[in-house]
Every structure is written in C-alpha cells, then in structure tokens.
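> Return atomic coordinates for the entry below.
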Amino acid sequence: MAGVAALFASPAFPFPSTSSVSSCSCRFRPAVARAPRHQPPGRRVTRRFDEVEGVSKRRRGIGGGGGGGSQASSSSSRKDRGLAVDFKESQVSDFEDLEEDKFLNAVVKVYCTHIAPDYGLPWQKQRQHASTGRQVKVKRRGDDKKYIAKVLARGIECDLALLSVENEEFWRGTEPLQLGRLPCLQDSVTVVGYPLGGDTISVTKGVVSRIEETVVDQPLTTMGNASVWHFRSDEAENIGYVIPTTVVSHFLNDYQKNGKYTGFPCLGVLLQKLENPALRESLKVPSSEGVLVRRVEPTAPASKVLRKGDVITSFDGVAVGCEGTVPFRSTERIAFRYLTSQKYAGDVAQLGIIRAGNTMKVQTVLQPRKHLVPFHVEGGQPSYLIVAGLVFTPLTEPFIEEECEETLGLKLLAKARYSLSTFEGEQIVIVSQVIKLNGTVVKNIHHLAHLVDNCKDKFLTFEFEDNFLVVLDREEATTASSDILKEHAIPSVRSSDLSEPYVDTEQEIQKPNDDFGDSPVTNYEMGVDCLLWA
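Below you'll find the model as predicted:
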C-alpha cells in the first residue's frame, strides 16, 4: 500500500452505489516535479486511471502535487454519514477560499511501516522501511496526534486501500467526502495531499483536457501518493495520474458485496483490431464492427464459449468497434475493456460473436486474470521448500526483479512474462526451474513438497530446464536438511502454507516442449501488432 490512496471507514460504513470506470493524468505547470531516479524492486501494475491534462492556476501549501512515498492522502467518513454520491454539487468552492473548506479536513496523512520479504532467503525478512503495511497510523490536518488504523482491504491493481480507525476521537468534526461524477472536458480538478514528505497540506488545481482508460506500470517512489503522480519526461511534462471516483465506487461496492476486495474482472482473451477491410471480409464480418479473438486463456471461463478466430461484435448489447473501442457518454469512445471493468468477479456477460460467418450470442462468467508468474506475493511472504541445501520457491515478478532479472536467461524470462496458466494453481517452481521429480511433472511448489514427502525411492531425481538432472540420496538429503537448518538458523524446512494437505487438480498439464505464451503486449492498449488483452 505504499503510496496508495486510502479510504477511511468507521465501523458502520455505508457505501455508495455507483458503477462506471475510465481513466486520468494531470499537467501542472508551475510545480516542476522530477522523474524518479530510483525504482525499488517489485513490479507494480496500476490499472484504470482517468487521464487528465490540465494547467495549474494557483498553489498553496508545501511541496508539489502528488504525495510522499511513505504517506498517502486519504478520504475519511463518519460512521453516521459515510460516503455518498453527488452528481451536481461541487465540494470545492472558489480557490481563493480553499483553506476554509471543510473538505480539506477529510484528507489525512498516513504513516506506514512494513517489512519486505527477502526473496533470495525466503524464510526471513529485510529491515523495516517506512512505507507500507505492518503498522498504519493516520494524522488529521492541524492535529499532532497519530491514530492507529486497521487495513480492511487493499486493491493493488487499482491502488486503493480501505482503512478503519476505531478511536472515536478521530471522527469528531470530520465531514465525509461525497463521490462526484466522472469529470468532463474543461472541468476543474483540485488535487489535495501531503507530497514529498511535507507536514502541511498541499493543493493544486488543473483543467481536464482528455479522458481515456490507460494502464500505468509504475514502481513506488518518493514521488508519493499513487493517486496523483507527477513526473516529467521528453514526451510529457508534469503529468499526474488520478484515480477517478468511479474506480473508488467499484472498490467500495466490491468490498460491500464480498467482504473483501476481489479485483477487476476480465474476459481473458487476446484480441486484434479489425480495421483491415480484407481481414473483415475473410472472416465474413459484414460491418466495420468487432475485434478478432486470437487466443483464449485456458483457465478463463470464456475458454468454454469462445474460440480462436471468433469475432466479438458486442458486449452486453453494446457494439464493439473495429478499433477495440465502445461508445462512452455522448460523443466519446473508450477502450473495450472499460465494459469488463464495470463488472464484478462472478458476474455474467453476454457476448455477440461471429463464428465462421454465423452470428450468435454466448454467455460467460467474468473473473480476475490469474498470472502464471504473479506480479505480487499475497500474504507478503513467499513459499519455499528446502531439500538438502536446494531452496525451491515459486517464480514471481518481485523475485525476478530483486534477484535474477539479468541472469535468468531469455527463454525462462520470456516464459515467465508471457506464458499463460493451463490449469488452476499452476506455478513455475525454481532453483532455476524444476520440471520433474522422479519422472513426475511438478505442478506447483505445494505439489513438489508432496512428492518429496511421499517419495519411497532411494534417490530424489530433480529434472530442471533443458533436461539438467540433480540426483540426491533421499536419506542423506533428509539428514543434510536438518543440519543446514541448525547451521544457518533457519526456522523450518518449508513455509507454513506447505504444511497443509496437498489437493491434486485433475486437469491437463502443458507439456514442457509446447509453445509458451504469445507476442508480448508492449502498448498500454494495443500490442506491437494490434493486440489487446481484454
């Protein structure tokens, strides 16, 4: 949660009832914010932002827009009022009187402390850092007292967290914020926060000049609050990415419906534009609508109803253009995945498709995408298994970036970044990478631990990438593992999650010699050859 925008809830928390999402970046000319020089390990993917480009009129407070790396601007709500949705009234008065506005009191400063895992030695942690997670405290504007907050939910991909403060003193005199509509072109946008580690609230104002959905892949830095990033480059000067209220509404509604954050769902298909008339004619598509299905994720529910070569022409009755866009408001268009982001995990969507020239309707359940190599480690501590000095752990993006990105090897790196899961629970388990143990294909690290525990053979034969073999005497390996634990003060031969009974999955496993992955998608919306992940 370092640098995330945090929402505050009292124990009795009423939720808004809106649903719409898109994306925003803000341009602030008077304040020059430099691009980050250091990018800490751990890839962070933040999705569905409103892109706004504006011009700052006036600025008060200390520092620039954005926020400090160890702080996040937060909106608070009283337990008897909660959050509401207001599409008409403006909460921001004239900028000259901004310091008197009560809504500034609803923005608080968040102090966080966390201990990051050591991916090279997964049984231990690194030293403490003042940024996220283990201990969270908040301080109101004009107050010198810090209150302990509890994390109720966090959404990594939307960069939001829901916090609760039990101390009633914190809520006295607090006015709840109201969630307004998505801004229109030329609307004024006021940005409030605690940037660059400052203790005084900072306010910046801009004008909306563009709205579109985009994907932001940005590591956390001392630039601060991820809800408003400001940076400068050759292409764009002083751009800040702002989380729109529609994303906040989706996050809160998700928590209300499920008691936890379940994420933004997707179709799980790789799409291609159909701008080429000859391509449309060859696929028997009569109009200039629709996008081509190039691949379907094997674990996605859509794999039961969609095939390679299908053309998706509509989503819940909304026509999909040949550029992969759909109508948005009155005269605008937005990326097709905007429609899926309106849904919640488990929702059903109706798709209009053309298959071999025949028009039909199909239905599919929407679920969040599951990556073969996760971008983040849930629970904060990676799984591991020690066998006679060999340390096995699942391959994750934080592990790659912290330990072995330059030495991993192109083949395994490409497999890690662009391969798809072929069955539920699949993982790439590495010392380099484990393919088989005594001839049995390893599905995940839990399966590997199960195979080691139940092995009765004299030898443990590990088969790695490119048929590289490591053979250990089973009894000697058991003795050596105990000695290694004592010598290096390692608490256990395995992580606690591997002590649970292993449940096998009766599904097809991708063969090691099969082709892995597809073309990498490098453009935020369309790939290098017009590809799009929906």
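
> Just the terminal-to-terminal distance for stretch 153-168.
With C-alpha to C-alpha, to the nearest Å as the measure, stretch 153-168 spans 21 Å from end to end.

> Buried ones in it, by neighbour count?
With burial defined by 16 or more other C-beta atoms under 10 Å, the residues of stretch 153-168 counted as buried are 153-165. For glycine as for every other residue, the C-beta is placed from the backbone atoms N, C-alpha and C.

> Make TSV from the residues you listed and add secondary structure, pLDDT and distance to E500 to it.
Converted to TSV, those look like this (DSSP: H, G, I helix; E, B strand; the rest coil; pLDDT from 0 to 100; distance: C-beta to C-beta, whole Å):
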residue	secondary structure	pLDDT	distance to E500
A153	strand	88	24
R154	strand	85	24
G155	strand	86	26
I156	coil	80	24
E157	coil	80	27
C158	coil	83	30
D159	coil	82	31
L160	strand	87	30
A161	strand	88	28
L162	strand	90	28
L163	strand	91	30
S164	strand	90	30
V165	coil	91	34
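
> out of the residues you listed, who's nearest R474?
Distance to R474, by C-beta to C-beta, is smallest for I156 among these, at 40.3 Å.

> my read: that closest one touches P374, true?
No. Using C-beta atoms under 8 Å, I156 is not in contact with P374, being 10.3 Å away.

> hmm, back to that, please tabulate the buried residues of stretch 153-168 in CSV, including the columns distance to V362.
Below are the buried residues of stretch 153-168 laid out as CSV (distance: C-beta to C-beta, whole Å):
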residue, distance to V362
A153, 33
R154, 34
G155, 29
I156, 31
E157, 27
C158, 28
D159, 33
L160, 33
A161, 37
L162, 35
L163, 41
S164, 42
V165, 47
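
> which two from those end up farthest apart in space?
Applying C-beta to C-beta across the buried residues of stretch 153-168, the maximum distance is between E157 and V165, 25.1 Å.

> picking up where we left off before, going by distance to V110, which of the buried residues of stretch 153-168 wins?
V110 lies nearest to L163 out of those, by C-beta to C-beta, at 7.6 Å.

> just to revisit the earlier point, considering the buried residues of stretch 153-168, which is situated nearest to T204?
The closest of these to T204 turns out to be D159 (C-beta to C-beta; 18.7 Å).

> unless I'm mixing things up, that closest one is touching V248, no?
No. Using C-beta under 8 Å, D159 is not in contact with V248; the gap is 10.5 Å.

> Outline the domain layout of this protein.
5-88+98-258, 269-369+525-533, 385-499 (automatic domain parsing).

> Compute the first-to-last residue distance for stretch 159-171.
Using C-alpha to C-alpha, first and last residues of stretch 159-171 are 24 Å apart.

> same check, this time on stretch 359-376
Start and end residues of stretch 359-376 are separated by 40 Å (C-alpha to C-alpha).

> again, but for stretch 189-206
Termini of stretch 189-206 sit 5 Å apart (C-alpha to C-alpha).

> quick check: mean pLDDT across it?
Averaged across stretch 189-206, pLDDT comes to 77.

> got any ranges where the stretch 351-500 of the chain has weak pLDDT?
378-380, 402-419, 430-438 (pLDDT under 70).

> And the helices in it, which stretches?
Along the stretch 351-500 of the chain, the segments classed as helices by DSSP state H, counting those that start in this stretch run 397-399, 410-418, 445-454, 474-487.

> highest average neighbour count across those?
When the helices of the stretch 351-500 of the chain are scored by mean count of other C-beta atoms under 10 Å, the highest mean neighbour count falls to helix 397-399 (a mean of 22).

> count of neighbours near V362?
16 (other C-beta atoms under 10 Å).

> That one: what's it in contact with?
By C-beta atoms under 8 Å, 6 or more residues apart in numbering, the residues touching V362 are 305-306, 350-351, 353.

> rerun that using 6 Å as the cut-off
For V362, the contact set (C-beta atoms under 6 Å, 6 or more residues apart in numbering) comprises 305, 351.

> Could you do P183 as well?
V208 are the contacts of P183 under C-beta under 6 Å, 6+ apart.

> Three-state assignment for it, please.
coil (DSSP: H, G, I helix; E, B strand; the rest coil).

> Could I get the phi/psi values of it?
The phi and psi values for P183, taken as degrees, to the nearest 10, are phi -70, psi 150.

> how close does it get to V207?
As judged by C-beta to C-beta, to the nearest Å, P183 and V207 stand 10 Å apart.

> residue ranges of the strands in the stretch 251-400 of the chain, please?
For the stretch 251-400 of the chain, the strands defined by DSSP state E, counting those that start in this stretch occupy 269-272, 291-296, 311-315, 318-319, 325-328, 332-335, 348-355, 358-365, 385-387, 390-394.

> Could you list the buried residues of the fifth one?
To tie it back to what came earlier, the one meant is strand 325-328. 325-326, 328.
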